[in-house]
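Visitor: Mind folding the following:
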Amino acid sequence: MEKHDNVIHSKKSWLYLALNKVDRSLAAFARQGRIDGFNLSELGILIFIGAVFYGYFLSTLSLLIDNDAAALRQDPSVWVGQGRWFTYLVEKFLLQQPSVPFAPYVILIIAFAASYMALIRAHGYIGSWKTYIIYPVFCAFPTWWAIATFYSNIPALAIGLFLISLSAYVYFGAGFTGNLAIHNSYTRIIFVILMLACAIAAYQSLILMFAAYACGILLARCLRIGGLCRISRKSLAMTLGKTILLITIAIIFYEIINKLTQKLFDSDSSYIAKAFFNYDKTITHPFLVLSAILKEQMAIYGGSAKRYGATLAINGLVIGLATIVILRTHWFKAPVNFILWLGVLLSPFIFHLVTGGEPLPMRTLIPIAYVSWLSCMILLSGKRPIAILASIILVGLLQIKIMGVTSQYIASATIVQSHDRIMIADIYSRIGGLTDNFDPDAPLKMDLYGRKGFNTLYANAWQGTMQGSFFSWDEDLLYRVTNLMNILGYKNIVIPSNAERKALNPVFDNMSVWPAAGSVKKAGDIYLIKLSKVPDPVHAL
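Guide: Residues are numbered from 1 along each chain as shown. Have a look, this model is predicted:
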């Protein structure tokens, strides 16, 4: 009995010591935060700015591609198959219905603000008019909008962004200490690895954001500290090496958890592998792939309309001028600074090596917003009043262009959603007019043939969903349309089997194309709608 009591006492002592250590760590972190200038007024200003730029998502239900599936989804384990086990946890236990306005974006706006406060301090800046006026470049860049249209991604993405930014602040410390990096205890390093692994599992591209952060933070410190006589090249190389090792360990830890969760849910990453992986091309034609990546970098940084949907060339000018400023530093220091700057510029495109140089959707290139923000900050850090004034004007013009592009995204999304909803109402009305005794409560079996293309004159990001009509997106056309109908209140929609659908081809061949008379018919108990002369994949087989 005495031995048993000793064991219990020992366990209680261990727990007591552990809790005390956590309390001391949190108290020390809070003190350091106060020393580094964290305050609620700055957070409030940033939240207000973010709310202005994300007002559309706060107030508008935007049922674009994939939001339909998320709204009807009962089991979020689909995320496990995409390697996003943290997103699964968030959707399972935090926000079970993600396809809604307001709530996901409140989380995102707060995460942007908190992340930004940690980020600027890691670079050695404090909240000021400079950090406020360029904040929209960081939080409202078009690449963020490309992912923001996917409701179900937002809560986990927001938390992941905060974890990435907090990791940078915790690992590197505040940038105005006069050091390249701070001394990190094993506890601190483990904490950062855990945060990075969770961020990767929220959205894989966030690890590229951390890589860009690391190079940018070190660059900002080199520019701030002075000549290389005060910066040991050996210490800089060791800091970079330790950072790469940290990222590698975080990826390994993420992958271990990923494999375990996929085994638990009997899932795999075949979707990701099929959609993006093309290692063979990178291995067999490395120079061709590198050339393609360089071309893609020029298009993205140069603001090509083929990628953003509208020209954003001034972004290339801002980045180009920042590069000149970096190269104009002391001749002995410039090569190191330029290498770090190359690290910032190249980090967002690391995944392109996996795809064989093929362009990735704009929603995966979220680190581009950081690159443009850092370029603006470098320009505004000049000492001559005329240079600062010119930089303010340039940054202002960049933000006007950013608002112009994202406003076009809003226009595209509004028009395409109105088109789809009106078309669904028209189809349902025509179906109801085919019979005198149409029962809206009875099961309605329907089939669609072909696709109906739809484009507006407004911008759409590369592979973005802002102009993604449910009537033309992909081979799951019928499933997507019926999902949207269910969400909009059209109940009891039934999808025929593929065999039934193929058997209807002779009937479709004799039908008119939408919206002509005769483009909606009833064959047996199935209502048929012919959208185009060219068949969809199911009817083409």
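Visitor: Now do stretch 135-146: everything it contacts.
Guide: By C-beta atoms under 8 Å, 6 or more residues apart in numbering, the residues outside stretch 135-146 that reach it are 46, 49-50, 53-54, 112, 116, 119, 308, 312, 361-363, 365-366, 368-370, 372-373, 376, 395, 398-399, 402-403, 405-406, 409, 461, 464, 466. Where C-beta positions appear, they are placed from N, C-alpha and C, glycine not excepted.
Visitor: and what of stretch 13-30?
Guide: Under the contact criterion C-beta under 8 Å, 6+ apart, stretch 13-30 has outside partners T187.
Visitor: Please spell out which residues along that stretch are buried.
Guide: The neighbour-count check on stretch 13-30 (16 or more other C-beta atoms under 10 Å) flags nothing as buried.
Visitor: Compute the mean per-residue pLDDT across it, please.
Guide: For stretch 13-30, mean pLDDT rounds to 77.
Visitor: what about L448, how many neighbours?
Guide: If you count neighbours by other C-beta atoms under 10 Å, L448 ends up with 27.
Visitor: returning to what we had before: which ones among the contacts of stretch 135-146 lie within helices?
Guide: Counted as lying in helices by DSSP state H, out of the contacts of stretch 135-146, are 46, 49-50, 53, 112, 116, 119, 308, 368-370, 372-373, 376, 395, 398-399, 402-403, 405-406, 409.
Visitor: Now, of those residues, which are buried?
Guide: Of the ones in helices among the contacts of stretch 135-146, these count as buried by 16+ other C-beta under 10 Å: 46, 49-50, 53, 112, 116, 119, 308, 368-370, 372-373, 376, 395, 398-399, 402, 405-406, 409.
Visitor: For the chain, which segments count as strands?
Guide: Using DSSP state E, the strands of the chain run over 444-449, 493-494, 520-523, 526-530.
Visitor: Please produce CSV containing the ones you listed, extended by mean pLDDT and distance to T243.
Guide: Formatted as CSV, these follow (pLDDT from 0 to 100; distance: least, C-beta to C-beta, whole Å):
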stretch, mean pLDDT, distance to T243
strand 444-449, 95, 52
strand 493-494, 93, 53
strand 520-523, 94, 61
strand 526-530, 96, 56
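Visitor: how about JSON lines for these, with distance to V106 added?
Guide: Below are these laid out as JSON lines (distance: least, C-beta to C-beta, whole Å):
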{"stretch": "strand 444-449", "distance to V106": "37"}
{"stretch": "strand 493-494", "distance to V106": "33"}
{"stretch": "strand 520-523", "distance to V106": "42"}
{"stretch": "strand 526-530", "distance to V106": "39"}
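Visitor: among those, which is nearest L58?
Guide: Judged by C-beta to C-beta, the one of the strands of the chain that comes nearest to L58 is strand 493-494, at 30.6 Å.
Visitor: For that closest one, what is the distance to the chain centroid?
Guide: With C-alpha atoms, centre = their mean, to the nearest Å as the basis, strand 493-494 stands 34 Å off its chain's centre.
Visitor: If you count contacts, what does that strand end up packed against?
Guide: strand 444-449, helix 477-487 (3 or more C-beta pairs under 8 Å, 6 or more residues apart in numbering; DSSP states H and E).
Visitor: highest average neighbour count across those?
Guide: strand 444-449 (a mean of 22; mean count of other C-beta atoms under 10 Å).
Visitor: who touches that one?
Guide: 431, 471, 477-478, 481-482, 490, 492-496, 500-501, 504, 508, 511, 525-532, 535-536, 539.
Visitor: Also stretch 381-398?
Guide: Contacts for stretch 381-398 (C-beta under 8 Å, 6+ apart): 130, 133-134, 137, 223, 314-315, 317-318, 321, 325, 372, 376, 379-380.
Visitor: so where's this protein uncertain?
Guide: For the chain, applying pLDDT under 70 flags the ranges 1-12, 175-183, 225-232, 270-276, 330-334.
Visitor: Point to the residue nearest the middle of it.
Guide: The residue lying closest to the centre of the chain (C-alpha atoms, centre = their mean) is I147, at 4.5 Å.
Visitor: for that one, what are its contacts?
Guide: Counting by C-beta under 8 Å, 6+ apart, I147 makes contact with 153-154, 157, 203, 363-364, 366.
Visitor: Greatest separation within these: which pair is it?
Guide: Pairwise distances across the contacts of I147 peak at 15.2 Å for I154 and T364 (criterion: C-beta to C-beta).
Visitor: thinking again about what came up before, which one among the contacts of I147 gets closest to K263?
Guide: Nearest member of the contacts of I147 to K263, counting by C-beta to C-beta, is Y203, at 22.1 Å.
Visitor: Could you report the neighbour count for the residue nearest to that closest one when sequence neighbours are not counted?
Guide: In this structure, Y203 finds its nearest non-sequential neighbour in L157, 5.0 Å apart by C-beta to C-beta, 6 or more residues apart in numbering. Using other C-beta under 10 Å, the number of residues around L157 comes to 29.
Visitor: roughly how far apart are L157 and L43?
Guide: Per C-beta to C-beta, to the nearest Å, L157 is found 19 Å from L43.
Visitor: do the same with Y527
Guide: For Y527, the distance to L43 - C-beta to C-beta - is 54 Å.
Visitor: between the two, which one's more packed in?
Guide: Y527 (22 against 16).
Visitor: Not counting sequence-adjacent ones, nearest residue to that one?
Guide: Closest to Y527 by C-beta to C-beta, 6+ apart is M446, at 4.4 Å.
Visitor: Tell me how far the one you found lies from I378.
Guide: 57 Å.
Visitor: which stretches of the stretch 151-300 of the chain form helices?
Guide: For the stretch 151-300 of the chain, the helices defined by DSSP state H, counting those that start in this stretch cover 154-172, 186-202, 206-225, 233-264, 270-276, 279-284, 286-301.
Visitor: okay, those helices in JSON lines with distance to G357 next?
Guide: Converted to JSON lines, these look like this (distance: least, C-beta to C-beta, whole Å):
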{"stretch": "helix 154-172", "distance to G357": "26"}
{"stretch": "helix 186-202", "distance to G357": "23"}
{"stretch": "helix 206-225", "distance to G357": "16"}
{"stretch": "helix 233-264", "distance to G357": "21"}
{"stretch": "helix 270-276", "distance to G357": "12"}
{"stretch": "helix 279-284", "distance to G357": "7"}
{"stretch": "helix 286-301", "distance to G357": "3"}
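Visitor: Enumerate the positions of stretch 249-262 that are buried.
Guide: 249-251, 253-254, 257-258, 261-262.
Visitor: nope, stretch 412-429 is what I meant
Guide: 412-417, 419-420, 423-424, 427-428.
Visitor: swap in stretch 69-86?
Guide: By 16+ other C-beta under 10 Å, the buried positions in stretch 69-86 come out as 70-71, 73, 76-86.
Visitor: do the same with stretch 34-50
Guide: Using 16+ other C-beta under 10 Å as the test for burial, stretch 34-50 gives 36, 38, 42-43, 46-47, 49-50.
Visitor: how distant is it from the center of its chain?
Guide: Using C-alpha atoms, centre = their mean, the offset of stretch 34-50 from its chain centre is 23 Å.
Visitor: Just the CA atoms of it, as PDB, please.
Guide: Provided in PDB are the C-alpha atoms of stretch 34-50 (Å, rounded to 0.1, in the frame of the first residue of the first chain):
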ATOM      1  CA  ARG A  34       5.300  43.000 -24.000                       C
ATOM      2  CA  ILE A  35       9.000  43.800 -24.500                       C
ATOM      3  CA  ASP A  36       8.600  43.400 -28.200                       C
ATOM      4  CA  GLY A  37       5.700  45.800 -28.400                       C
ATOM      5  CA  PHE A  38       2.700  43.500 -28.900                       C
ATOM      6  CA  ASN A  39      -0.500  45.400 -28.000                       C
ATOM      7  CA  LEU A  40      -4.200  45.200 -28.500                       C
ATOM      8  CA  SER A  41      -4.600  48.500 -30.300                       C
ATOM      9  CA  GLU A  42      -2.300  47.400 -33.100                       C
ATOM     10  CA  LEU A  43      -4.200  44.100 -33.400                       C
ATOM     11  CA  GLY A  44      -7.500  46.100 -33.600                       C
ATOM     12  CA  ILE A  45      -6.300  48.300 -36.400                       C
ATOM     13  CA  LEU A  46      -5.100  45.300 -38.400                       C
ATOM     14  CA  ILE A  47      -8.300  43.400 -37.800                       C
ATOM     15  CA  PHE A  48     -10.300  46.500 -39.100                       C
ATOM     16  CA  ILE A  49      -8.100  46.700 -42.200                       C
ATOM     17  CA  GLY A  50      -8.600  43.000 -42.900                       C
END
